[in-house]
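> Quick one: sequence plus predicted model below, questions after.
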Amino acid sequence: MPLAQIIGTGSYAPAQVLTNRDLEKIVDTSDAWITERTGIRERRKAAPGEATSDMAVAAARKALEMAGTRPEELDLIVVGTITPDMPMPSCAVLVQAKLGAKKAFAFDVAAACAGSVYALSVADQFMRTGQAKRALVIGADLFTSVLNWKDRNTCVLFGDGAGAMVLAPAEEEGRGILSTRLRTDGTLADILTIPAGGSKEPLTEEILREQRHKVSMNGREVFKTAVRELTAITHEALQAHGLKPNQVDHVIAHQANLRILEAVLQRVEIPIEKCWINLDKYGNTSAASVPIALDEVNRAGKLKRGDLIAMMAVGAGMTWGSAVVRW
Ligand code: UT7
């Protein structure tokens, strides 16, 4: 069975830009603090009425166009998201309907900021068994909908967006998704969480007042876990293929904080110049960040046939994962 190859990429970011200066008017923060501590300068915010599935479809159409694939040819749609349009049904079924991908079975994967790497890995398994021959993988999050705009610890970090990848059987041996790795540590569930509004604590007026249906985070703990685990999983992924860090051509990493990326890449001995960085423009777009970065590198013409790409992402859970791709 040939490996699965990414034959099309697409991305979408809403038009409205929220700069650090805009946030200075909302919470007690400063452009200098946000830029120095995170590298983020601005982020996008979805328009009123714009939903996660709308962003996902916009990214998917671009990826399908690049792949020369019609929606009806898709066997599978996996959407990584924790901000679906509604609790039920999944975002993926709405995407399936909007695209008219009649043949595709569709479902969401909830792994927060690691969502697109999780979704890619899941789709890769279906491709490897032959159960799917064309798959659409999307990472999409409308994260501004779950932010507490009074909490400066979180509201300055995130933005909205979507990215998509189309998978098909590789035409050449040795090209495609060489491997994916997924890891979870549920004992860290409480360091990055939307604590209420689910089955444990259904919405009440008190929860709404206290904003416990919005994201809360212990940033320092998330930071430490992100650096430790992204370093370990990237080492492991390269070792599994007998690859040295200098053989990596591109790093496509989740964009949460420039300092996290610098720390990880220093530890895995890959120059930061090999990592596409766009968090200055979009902030942390959660599951969307890896496929948006991949699409930008791709459309910039930087990916050459045979290039080696190391992908990595980490998110609430904690969840993290990596993918090694031969382009
Ligand atoms: O995708 C995964 C999701 N999340 C992440 O990856 C986030 C990981 N964590 C981080 O990126 C960093 O921990 C943050 C950017 C969230 C925070 O940076 P930090 O260097 O860890 O700062 P800190 O939390 O240790 O806070 C330092 C100070 C505190 O003030 P005191 O206690 O020293 O007086 C905070 O209250 O900075 C304060 N602070 C702010 N000041 C201005 C926290 N947020 C802000 C803010 N503006 N927005």
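Yes, it's here.
> quick one, helices of the stretch 201-327 of the chain?
205-210, 219-240, 258-267, 279-282, 289-299 (DSSP state H, counting those that start in this stretch).
> what does the chain have sitting close to the ligand?
29, 33-34, 37-38, 113, 152-153, 156, 192, 219-220, 222-223, 226, 254, 256-257, 284, 314-315 (Cβ under 6 Å from any ligand atom). Glycine gets a C-beta too; all of them are placed from N, C-alpha and C.
> how about 5 Å then?
Counting by Cβ under 5 Å from any ligand atom, the residues of the chain close to the ligand are 29, 33, 37-38, 113, 152-153, 156, 219-220, 222-223, 256-257.
> what's the closest of these to Ile138?
Cys113 (14.5 Å; Cβ to Cβ).
> pLDDT at the closest one, what is it?
With respect to pLDDT, Cys113 scores 98.
> now Val17, nearest residue through space, not along the chain?
Computed as Cβ to Cβ, 6 or more residues apart in numbering, the closest residue to Val17 that is not its neighbour in sequence is Glu42, at 5.2 Å.
> What is the distance between stretch 179-187 and the centre of its chain?
15 Å (Cα atoms, centre = their mean, to the nearest Å).
> what's the answer for stretch 157-172, then?
9 Å.
> My guess is the residue nearest to Val17 contacts Ala13. True?
No. With contact defined as Cβ atoms under 8 Å, Glu42 does not count as touching Ala13 (10.5 Å).
> Give the residues shared as contacts by the two.
Residues touching both Glu42 and Ala13 by Cβ atoms under 8 Å, 6 or more residues apart in numbering: Lys281, Tyr282.
> Comparing the two, which residue is more hemmed in?
Taking other Cβ atoms under 10 Å, Glu42 and Ala13 do not tie; Ala13 has more neighbours (24 against 18).
> Now do the contacts for that one.
Contacts of Ala13 (Cβ under 8 Å, 6+ apart): Arg44, Gly159, Asp160, Gly161, Ala162, Lys281, Tyr282, Thr285, Ile292.
> Also Pro71?
Contacts of Pro71 by Cβ under 8 Å, 6+ apart are Leu64, Leu99, Gly100, Ala101, Lys102, Ala104.
> sec struct for the first one, please.
By that I understand Leu64. Counting by DSSP: H, G, I helix; E, B strand; the rest coil, the backbone at Leu64 sits in helix.
> OK, contacts around it?
Gly8, Gly10, Arg70, Pro71, Leu99, Leu136, Ala164, Val166.
> Would you mind putting the residues you listed into TSV with pLDDT and secondary structure alongside?
What follows is the contacts of Leu64, written out as TSV (pLDDT from 0 to 100; DSSP: H, G, I helix; E, B strand; the rest coil):
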residue	pLDDT	secondary structure
Gly8	98	strand
Gly10	98	strand
Arg70	98	coil
Pro71	98	helix
Leu99	98	helix
Leu136	98	strand
Ala164	98	strand
Val166	98	strand
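> which among these end up buried?
Among these, those classed as buried by neighbour count (16 or more other Cβ atoms under 10 Å) are Gly8, Gly10, Pro71, Leu99, Leu136, Ala164, Val166.
> Thought Val166 was touching the first one, still the case?
Yes. Judged on Cβ under 8 Å, Gly8 makes contact with Val166 at a distance of 3.9 Å.
> which residues do those two both contact?
Common neighbours of Gly8 and Val166 (Cβ under 8 Å, 6+ apart) are Ala63, Leu64, Met66, Ala67, Thr69.
> Tell me the spacing between the fourth one and Thr38.
In this structure, Ala67 lies at 34 Å from Thr38, with Cβ to Cβ, to the nearest Å as the measure.
> Same check on the second one?
For Leu64, the distance to Thr38 equals 33 Å [Cβ to Cβ].
> Repeat that for the third one.
For Met66, the distance to Thr38 equals 31 Å [Cβ to Cβ].
> Of these two, which one has the most company?
Using other Cβ under 10 Å, the more surrounded residue of Met66 and Thr38 is Thr38, with 22 against 19.
> Looks like the more buried one contacts Leu258 (just checking).
Yes. Counting by Cβ under 8 Å, Thr38 does reach Leu258; the two are 6.4 Å apart.
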